[in-house]
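1. return a 3D structure for these sequence lines:
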Amino acid sequence: MGEVRLTSAETARGTTSVPGQASGRKGTGGDPAGKGAGGGRETGRGSARSRRGAAFAVWYLRAVTFVNFLSAVWLSLGQDLRRHNTADFYTPYLLTAGFASGLFSLLLAVTMGRRKRAAWILNLAVSGALLLAFAVAAFAPCTGGRWNMCYPEFRDHAQNWVSLGLTAAFVGALLVGRREFYARGDRSNPALATVVAAVGLLVTSLVAALLVGAANTDPDASEASFLARWRYGVMRLVTLAPDDRIHHAITTPGWVDVFINFMSMMLLLAVLFAAFRSRRAVDPITEEDEERLRALLAGQGERDSLGYFALRREKSVIWSPTGKAAVTYRVVGGVSLASGDPIGDPEAWPGAIEPWLAEAREHGWVPAVMGASEEAGQIYARHGLDALELGDEAIVETAEFTLEGRAMRTVRQAYNRVKRAGYTVRIRRHADIPAEEMDELLRRADDWRDGATERGFSMALGRLGDPGDGQCVMLECTDGKGDLRAVLSFVPWGPKGLSLDLMRRDRDSENGLMEFMVIELLERSKEIGVTQVSLNFAMFRSVFERGSRLGAGPVLRMWRSLLSFFSRWWQIESLYRANAKYRPIWEPRFMLFEKSSDLLRIGIAAGRAEGFLEAPGLPKWLHRRHLGTRR
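-> Numbers count the residues shown, from 1 in each chain. This is a model prediction of the structure:
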């Protein structure tokens, strides 16, 4: 599917701020990116000159990274670079052949691209020191005394002047673009980087000492003490060419020295990663925030079927200055991930979107929205975000639903088959369920869960049986013996709507049980005053629908085949088929993003938030989450 750009043709009107009025727990403040409402795509704080300076610095690091990696595989180029670094030539800032130097410059390029202030300080300090050394070598007079700083070999080669010019240009770009590097890291970063450096140096030096002792081929190896081997390892961590004269009775193969130096490079990258980390901990929704959000939902909740999911307590919230709108979000992997539409009055949405974007840029987060409606997408587009259609939400108008007709024959037969098997459905508001029964439902729902992780973020509440969720609706399905076999839970969608939250069933139960329960809800909706029901979200629905039609193009058919392949694991096509049988109204939902280059990162963050991806390196039991409740 192609990218869908939303324009401001049908956007909501702007909001009027009230000077001095409180904006809730999260202050709105000014826009650190220098953007007002509808400020376009520019994200800089300063002038066009400062933005150009920052862009030059970032692209310089990217170019150096490319050359460093290229020289690692292009042997002749790598040899030339190394000769320039060891002979009478000098290379520009960070230009050194090899994968290690490429990784180092790549990390700096990425962090500078995210406008990290700490990365700017590090680059300015190191490149400034190198420029000073170049200037001394190039311009210091030859006095002939003890403190002679003259290097005539530097002046004899034109390449060295090119290196000086490029390094000076990089330093100048850093100074000119200093206002563009405003993103702050986590407050714990300096302490974390110090701990990583200290512990990492201790561990790597001990490993190096043990490796040196095991691989020592010197005839007098027995005379080398552990302290001597440890000192040798520490020196190899610092440089590939330490003074071997101070390391008596130690002779190691070349691969040992290279491996030790590789450990030092990994340690340096780990320290830099810890130092440049984005802020991760954000304030979760408080009870006061939840009360205010519920008040907004009571007045405007019918606008968005996903609005109630904003009450997920792992999210954070930012309020508009008037308090009439809010954006709820969660930070995952450096992505500030909002879900659904902003809560509240659409006229006040820009007042909440602006501080949310400002906070994301202040901390170097990537802003993204999952599952926004077209109306919200148009307003987000005024603030510089683009849109990609993710799929469609299935909405059923209960008054128009019927099992009659040829088109519903298969559904009708499946429904009657389950009904004849003796299954019955009980429909109750959560507030009407006794505490003991709710605890049992919660236990059974956890037992029937598919997988170790409680999934859901943008379209799941993540809890069951909380006293504050009394207006949620529970469907309990029992078999002919009266045993509970499945449960469905729906959250309120305004005063007369429901949105599907939780689906769980016993795997030994009758096939088609979920469809039977949904149809029972649709046909008995008048009992609880419901006129519309939002079912599952069908990702890339239009691809499956259009790709199966006669005359579909080769690209569309290939895209459909690819999605069908991945449906074996992620149930993409099956969700569409399951929803289509109710003949719903399809409402498109969009993903909003700022830059196309961030799509992969946003996708990974969304997968982690929804529970489909886990952080690498940790055992699965550490990721296990259960349905929570404050009962």
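2. how about the nearest residue to Gly344 once chain neighbours are set aside, phi and psi?
-> Counting by C-beta to C-beta, 6 or more residues apart in numbering, Gly344 lies nearest to Ala325, which is 3.5 Å off, once chain neighbours are set aside. For the C-beta atoms, the positions are set from N, CA and C on the backbone; glycine is no exception. Main-chain dihedrals, Ala325, degrees, to the nearest 10: phi -150, psi 160.
3. go on, Arg505?
-> Taking degrees, to the nearest 10 as the convention, Arg505 sits at phi -150, psi 160.
4. so it bridges to which residues?
-> With DSSP bridges as the criterion, Arg505 is bridged to Ala486.
5. enumerate every residue touching it.
-> If you count contacts by C-beta atoms under 8 Å, 6 or more residues apart in numbering, Arg505 has them with Trp448, Cys477, Arg485, Ala486, Val487, Leu513, Met514.
6. what's the local residue count around the residue nearest to Pro492 when sequence neighbours are not counted?
-> Among residues not flanking Pro492 along the chain, Gln471 sits closest, at 4.7 Å (C-beta to C-beta, 6+ apart). Neighbour count of Gln471, defined by other C-beta atoms under 10 Å: 15.
7. I figured Gln471 hits Arg428, correct?
-> No. Taking contacts as C-beta atoms under 8 Å, Gln471 lies outside contact range of Arg428: 11.4 Å.
8. quick check: Gly497 touching Ile528?
-> No. Gly497 is beyond contact range of Ile528, at 11.0 Å (criterion: C-beta under 8 Å).
9. so between the two, which is more surrounded?
-> Set Gly497 next to Ile528 and count neighbours by other C-beta under 10 Å: Gly497 wins out with 22 against 15.
10. show me what the helix or strand where Tyr380 lies packs onto, helices and strands only.
-> Taking DSSP states H and E as the definition, Tyr380 sits inside helix 374-382. Helix 374-382 makes packing contacts with helix 349-362, strand 366-372, strand 386-397, strand 585-593 when contacts are defined by 3 or more C-beta pairs under 8 Å, 6 or more residues apart in numbering; DSSP states H and E.
11. pLDDT weak spots in the stretch 101-250 of the chain?
-> 140-154, 156, 221, 238-248 (pLDDT under 70).
12. just confirm Leu502 is within a strand.
-> Yes. Counting by DSSP: H, G, I helix; E, B strand; the rest coil, Leu502 is located in a strand.
13. so how far is stretch 461-481 from its chain's centroid?
-> 31 Å (C-alpha atoms, centre = their mean, to the nearest Å).
14. with stretch 432-450 instead?
-> 32 Å.
15. for stretch 457-469, same thing?
-> Counting by C-alpha atoms, centre = their mean, stretch 457-469 comes out at 22 Å from the chain centroid.
16. how long is it end to end?
-> 17 Å (C-alpha to C-alpha, to the nearest Å).
17. partners of Asp386 in the sheet?
-> Phe593.
18. which stretches in the stretch 201-350 of the chain count as strands?
-> Assigned by DSSP state E, counting those that start in this stretch, the strands in the stretch 201-350 of the chain fall at 316-319, 325-332, 335-339, 343-344.
19. closest to Leu201 out of these?
-> Of all those, strand 325-332 sits nearest to Leu201, with 30.4 Å by C-beta to C-beta.
20. quick one, that closest one and strand 366-372 angle?
-> Counting by axes from the mean of the first three to the mean of the last three C-alpha atoms, to 10 degrees, strand 325-332 lies at 120 degrees to strand 366-372.
21. what secondary structure does the spatially closest residue to Val67 that is not a sequence neighbour sit in?
-> Closest residue to Val67 apart from its sequence neighbours, by C-beta to C-beta, 6+ apart: Leu95 at 6.2 Å. When classified by three-state DSSP, Leu95 comes out as coil.
22. show me what contacts Leu95?
-> Counted by C-beta under 8 Å, 6+ apart, Leu95 has contacts Val64, Val67, Asn68, Leu81, Ser163.
23. among these, which one has the lowest pLDDT?
-> pLDDT across the contacts of Leu95 is at its lowest for Leu81, which sits at 69.
24. quick one: Ile353 from Met517, how far?
-> 38 Å (C-beta to C-beta, to the nearest Å).
25. neighbour-wise, which of these two wins?
-> Higher neighbour count among Ile353 and Met517: Ile353, with 27 against 23, using other C-beta under 10 Å.
26. buried set for stretch 402-422?
-> Met408, Val411, Arg412, Ala414, Tyr415, Val418 (16 or more other C-beta atoms under 10 Å).
27. secondary structure element for Ser101?
-> Applying DSSP H and E, one finds Ser101 within helix 99-113.
28. how about JSON lines for the buried residues of stretch 402-422, with distance to Tyr232 added?
-> Below are the buried residues of stretch 402-422 laid out as JSON lines (distance: C-beta to C-beta, whole Å):
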{"residue": "Met408", "distance to Tyr232": "80"}
{"residue": "Val411", "distance to Tyr232": "76"}
{"residue": "Arg412", "distance to Tyr232": "81"}
{"residue": "Ala414", "distance to Tyr232": "74"}
{"residue": "Tyr415", "distance to Tyr232": "77"}
{"residue": "Val418", "distance to Tyr232": "75"}
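29. looking at those residues, which is nearest Ala358?
-> Val411 (49.0 Å).
30. what does the closest residue to the closest one other than its chain neighbours show for phi and psi?
-> In space, Val411 comes closest to Lys581 once its chain neighbours are excluded; the distance is 5.0 Å by C-beta to C-beta, 6+ apart. Per-residue torsions, Lys581: phi -70, psi -20 (degrees, to the nearest 10).
31. now do the same contact list for Lys581.
-> Lys581 sits in contact with Thr410, Val411, Glu515, where contact means C-beta under 8 Å, 6+ apart.
32. take these and write them to CSV, including distance to Arg52 and pLDDT.
-> Shown next, in CSV, are the contacts of Lys581 (distance: C-beta to C-beta, whole Å; pLDDT from 0 to 100):
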residue, distance to Arg52, pLDDT
Thr410, 63, 86
Val411, 61, 87
Glu515, 59, 89
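33. among these, which ones are in strands?
-> Among the contacts of Lys581, DSSP state E puts none in strands.
34. quickly name whichever of the residues you listed is closest to Phe139.
-> Nearest to Phe139 among the contacts of Lys581, with distances taken as C-beta to C-beta, is Glu515, at 81.8 Å.
35. give me the nearest residue to the closest one, chain neighbours excluded.
-> Nearest to Glu515 is Ala414, by C-beta to C-beta, 6+ apart, at 6.1 Å.
36. does that neighbour sit in a helix or strand, and which one?
-> Judged by DSSP H and E, Ala414 forms part of helix 409-420.
37. just checking, what packs against that helix?
-> Using 3+ C-beta pairs under 8 Å, 6+ apart, helix 409-420 sits against helix 513-523.
38. what is the subsequent helix or strand relative to the helix it packs on?
-> strand 532-539.
39. didn't Gly422 look like it was pressed against Gly480?
-> Yes. Counting by C-beta under 8 Å, Gly480 is a contact partner of Gly422 at 2.7 Å.
40. circling back: hang on, the residue nearest to Glu515 packs against Leu513?
-> No. In this structure, Ala414 is not within contact of Leu513 by C-beta under 8 Å, at 9.9 Å.
41. looking at the contacts of Leu95, which one is closest to Arg303?
-> For the contacts of Leu95, the nearest to Arg303 is Val64 (49.8 Å; C-beta to C-beta).
42. quick one: residues contacting the closest one.
-> Pro92, Tyr93, Leu94, Leu95, Ser105, Ala109.
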